[in-house]
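>>> Build me a model:
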Amino acid sequence: MAKKPATVGSKEGLGAGIVGLGLLLLLLPSFSQQIADLDFISSDAFAILLGAVYVLSIFVILAGIAVIMAKFKDEEEE
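Residues are numbered from 1 along each chain as shown. Got it, this is the predicted structure:
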């Protein structure tokens, strides 16, 4: 039986995207405070954090829709 070459598929890409979103969410409060501390920004950290969470939630919703609509084919099970 010939061994198939290892490639990066859609499942690995999905996993890497989820890890990336997790890292963004982990660092978001610190980044929001650093942005709010800038002299030319007149907003506080809560407003910046709220806007960033809204944007990330839209990304997560779109990613979930993409996963629902994607057709995964696992060649290892064939």
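>>> give the contact list for the residue nearest in space to the middle of the chain.
In the chain, the C-alpha closest to the average C-alpha coordinate belongs to residue 21, at a distance of 2.7 Å (C-alpha atoms, centre = their mean). Contact criterion C-beta atoms under 8 Å, 6 or more residues apart in numbering gives 56, 59-60, 63 as the residues in contact with residue 21. In short, each C-beta sits where N, CA and C put it, glycine included.
>>> Check which helix or strand it maps to.
With secondary structure defined by DSSP states H and E, residue 21 is part of helix 10-36.
>>> now the residue nearest to the centre of the chain: how far from residue 34?
Residue 21 is 20 Å from residue 34, where distance means C-beta to C-beta, to the nearest Å.
>>> and what of residue 60?
Here the criterion is C-beta to C-beta. By it, residue 60 lies 23 Å from residue 34.
>>> Kindly format the C-alpha coordinates of stretch 39-55 as PDB.
Coordinates of each C-alpha in stretch 39-55 appear next as PDB, following Å, rounded to 0.1, in the frame of the first residue of the first chain:
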ATOM      1  CA  ASP A  39      -2.400  60.600  23.700                       C
ATOM      2  CA  PHE A  40      -4.300  61.100  20.500                       C
ATOM      3  CA  ILE A  41      -7.100  58.600  21.400                       C
ATOM      4  CA  SER A  42     -10.100  60.100  23.200                       C
ATOM      5  CA  SER A  43     -11.900  56.900  24.000                       C
ATOM      6  CA  ASP A  44     -11.600  54.600  27.000                       C
ATOM      7  CA  ALA A  45     -10.500  51.000  26.900                       C
ATOM      8  CA  PHE A  46     -14.100  49.600  27.400                       C
ATOM      9  CA  ALA A  47     -15.400  51.200  24.200                       C
ATOM     10  CA  ILE A  48     -12.400  49.900  22.200                       C
ATOM     11  CA  LEU A  49     -12.800  46.400  23.700                       C
ATOM     12  CA  LEU A  50     -16.500  46.400  23.000                       C
ATOM     13  CA  GLY A  51     -15.900  47.300  19.300                       C
ATOM     14  CA  ALA A  52     -13.200  44.700  18.900                       C
ATOM     15  CA  VAL A  53     -15.400  42.000  20.400                       C
ATOM     16  CA  TYR A  54     -18.200  42.900  18.000                       C
ATOM     17  CA  VAL A  55     -15.800  42.600  15.000                       C
END
